[in-house]
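**Student:** Here is my input, please return the structure:
(2 chains)
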Amino acid sequence: MTTHATRTSRARCFWLATALGSALAVTQARPAAAQTPSAAATPQLVADPGRPGVAFASLGLPKGPLYVGESVPVTLRAYFSAGTGVTLTGAPTVNSPDFTLSLGDAAQGHTTISGEPYLAVTWKGRLSPVKAGHYELELEIPSTLEWRAAPVRSAAAPDSDPFGDVFGDLDGLGMNGDPFAAMQQHMQRLMNQAMQDFDTGPLQKRSLTLQSKPVALEIEPLPAAGRPANFSGAVGHFTLETSVREPNVRVGEPLDLSVVVRGDGNFDRVSSAGVPSSTTLESYPPTSKQTADEKTFVQPIVPRQAGRMEIPPVELSYFDPKSRRYETARSSPITLEVGQGQALAATRSGAVPNAATQPGLAPNAAGEGRVVASLSPLYTRRPFWLAQLAPLGALAAALSLVSRRKRLAADPHRHLRASARKALRRQTAAFEAAFAAGDAPGFFAAARGALQQRLGARWGIVPEAITLVEIERRTSGADLATLRTVFEADAARFGPGATQQDLGACHDAVRRILAHSEAS
Amino acid sequence: MTALSSFPRRLVAVLAVAGACLGCSRAAEASPALDAANRAFAAGAYGDAATRFQALVEHEGYSAPVLFDLGNAYLRENQPARALLAYERARLLSPRDPAIARNLAQAEAAAGFSDDSSAVMRAARTLTLDEWTWLATAAFWLAVAGTAGAFVSKRGRAWAGRVAVTAGLVAAGAGAALVVASRVNDAGLVLEAAPVLVSPFAGAESSGSLRPGARIAIERTHDAFALVRDRAGHEGWVERAAVAPIVPDGAKYGA
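**Tutor:** Numbering: from 1, shown residues only, chains lettered A, B, ... in the order given. This next block holds a predicted model:
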């Protein structure tokens, strides 16, 4: 949306108020239904610049008949009376679907028509008919106008001496009147008058569609006679030029062929298929980009053979409205030097040397070999990462084991217990060996040592500190008798002369005490 | 320290067993389908042989010899791009096979290309991706175990430290090689001459073309189109039917 503001002066306000107030009919305008103002406030809108009004439009077109697809320059001008606020609410449109309209940006300026200043908005572009026939062409410009209504003067116009009333009243009333009340009323009238002189009526706003004067157009179809087979609808006058960026390429290397179409006409209807594939080159569909005065097609092509290669000329057939006949623009051929050293890229043209004839091909492998279900690498599979838990767990276990060993090695109580267990095993073995050999002194010595180790570990004291006194203090019952026998063996009858039967009874009792002590 | 000394051996054993379990491989027996394909090849019916080898791969799985024979059939059928694809897949499974390397070079030449791989890439191709994976993994765990041993053992600290450093270097090297070699996961080949489109739609404008046999990187897919990048870094959309990933079940190809 574009807003155009015109200069406002007090004189123009009065002119506009007069013009609006005298407008009795709206011509060439379609006001919006929702905002239809009263007839007295409707601006006068005419399409003919010869009849100046508040707003009007004109359309400039070349004379003569047009052809379908022809693109002709068009100039659209809209005039708005200075002092009118103008807002364009949309782009200009053509009143017929059988035309395409392309307009550039609007240019704004001031001009004078019949002695009256106007704001002029100008669009330039191109118009193209798409269908033959007779047309009354109009262009429409949606816009919004704003203006101030004419001021409404009060019945008591201040055409007399503004101070006369005050002094007249004072003179008339003498000392009996209220001079301050009369002065207050008169000052109020003066203020109202001043407001009417420096301002106008209320702001008026109206949406409307400004239309140009209809232009009669005769659209003729393109002639069938002389139409080339490759004509694709281009109308105008064009030239053609082709180029490649790198003229020296190698076989199989793609390069871009640029086809540039320049001239005056409807570029929307210009198309080119480029060069066709052949035994010497392979081509692909081109892409295109377009500006106001040229259109460029870029076509990928791939040379198939080494040596000198010629890109054939590209042709464009078009209808020239000026000469009223079909013409053909033709580019110049392009010569390329295609280098050797690479095999051909094409696949099924037959130009590629058959690989079966190439020497040095290793023969087939025998057998099927190791078969895998997937070529995806191992690290993309979940089982592999789950398997990593095994070394992780092993490492954690090893570290835990080493740590525990270190911790235990640093524990003195555990060390004592280990030593006691070792000594107990040694004494027990000696005890069993002496019993088996019938060695009574050795038997009792070993039995005493084993019992000292066991009881020392049980009571938490040094084994050597286990004496009969200590045993008697802590033990009672049958175990005490056995222990007393063992510990007093040197001085009793179970000395060197003890029989095997005596040793057997004592052996069983000692083993029972050792087992009991271990269990408890 | 005794337990720690035996730990690396245990680790290697565990990894070896796991690798054997995860290899998902099996010794294949000569099948009638393979015999038929070989007979067709021997009779010079390379197109028929290629079809049979391809069916064998699709139904039985991938094996380097069959893929190699498939490439030979395609190459003799004058389809170097498809031969290249088969050879590349065979090389994934058997990277040190000189016959595969030789015929792959032949197929590249027939397609109009040459091996322009860097020395780093060629070095990374000396082992399969799985071999690099196992080497990197074993070396990594060995490095971790050596590091742990160096911390917990006073007597074997120097020895464990040397093991950790050596294994760490091996793991880093193998990991780097794995990263380089794993580019093949996104790699693909152009099977048919295809225009490169600016967007993944049939009516989109073309920005260039790709030749059969050209190596590309497949970025992603959209419906029937794949976004590819050529060696020069140009990107564009091509029809999926015109290209094929070297690793057919790669995630980016949407398989």
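
**Student:** contacts and neighbour counts: CA atoms only from here.
**Tutor:** Noted.

**Student:** List phi and psi for the closest residue to residue B:61 other than its chain neighbours.
**Tutor:** Closest residue in space to residue B:61, ignoring its immediate chain neighbours: residue A:373 at 4.8 Å, by Cα to Cα, 6 or more residues apart in numbering or on different chains. The phi/psi pair for residue A:373 (degrees, to the nearest 10) reads phi -80, psi -30.

**Student:** From residue A:305, how far off is the one residue in the stretch 101-250 of chain B that gets nearest to chain A?
**Tutor:** Residue of the stretch 101-250 of chain B nearest chain A, by Cα to the nearest Cα: residue B:112 (4.0 Å). Distance, residue B:112 to residue A:305, using Cα to Cα, to the nearest Å: 12 Å.

**Student:** If you rank every helix and strand of the chain by mean pLDDT, what lands last?
**Tutor:** Reading this off chain A. Ranking every helix and strand in chain A by mean pLDDT, DSSP states H and E puts helix A:10-22 at the bottom, with a mean of 31.

**Student:** wrong one, I was asking about chain B
**Tutor:** For chain B, counting by mean pLDDT, DSSP H and E, that's strand B:25-27 with a mean of 42.

**Student:** Now the residue nearest the centre of chain B: which helix or strand?
**Tutor:** With distances taken as Cα atoms, centre = their mean, residue B:92 lies nearest the centre of chain B, 3.5 Å away. Per DSSP states H and E, residue B:92 falls inside helix B:80-93.

**Student:** Please apply the same query to residue A:127.
**Tutor:** strand A:116-129.

**Student:** Mind listing what's buried along that strand?
**Tutor:** For strand A:116-129, burial by neighbour count (16 or more other Cα atoms under 10 Å in any protein chain shown) applies to A:117, A:118, A:119, A:120, A:121, A:122, A:123, A:124, A:126, A:127, A:128, A:129.

**Student:** buried stuff in the very next helix or strand once past it?
**Tutor:** For strand A:116-129, the following helix or strand on the C-terminal side (DSSP H and E) is strand A:133-137. Residues of strand A:133-137 classed as buried by neighbour count (16+ other Cα under 10 Å): A:135, A:137.

**Student:** I'd like to know which elements whatever helix or strand comes next after strand A:133-137 is packed against.
**Tutor:** Going down the chain from strand A:133-137, the next helix or strand is strand A:139-148, by DSSP H and E. Strand A:139-148 makes packing contacts with helix A:10-22, strand A:85-88, strand A:93-94, strand A:203-211 when contacts are defined by 3 or more Cα pairs under 8 Å, 6 or more residues apart in numbering or on different chains; DSSP states H and E.

**Student:** try 7 Å this time
**Tutor:** Where contact means 3 or more Cα pairs under 7 Å, 6 or more residues apart in numbering or on different chains; DSSP states H and E, strand A:139-148 is packed against strand A:85-88, strand A:93-94, strand A:203-211.

**Student:** Now tabulate those strands in JSON lines and tack on mean neighbour count and distance to chain B.
**Tutor:** Listed next are the helices and strands packed on strand A:139-148 as JSON lines, based on neighbours: other Cα atoms under 10 Å in any protein chain shown; distance: least, Cα to the nearest Cα, whole Å:
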{"stretch": "strand A:85-88", "mean neighbour count": "20", "distance to chain B": "36"}
{"stretch": "strand A:93-94", "mean neighbour count": "18", "distance to chain B": "30"}
{"stretch": "strand A:203-211", "mean neighbour count": "20", "distance to chain B": "39"}
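
**Student:** I'm done for today, thanks for sticking with me.
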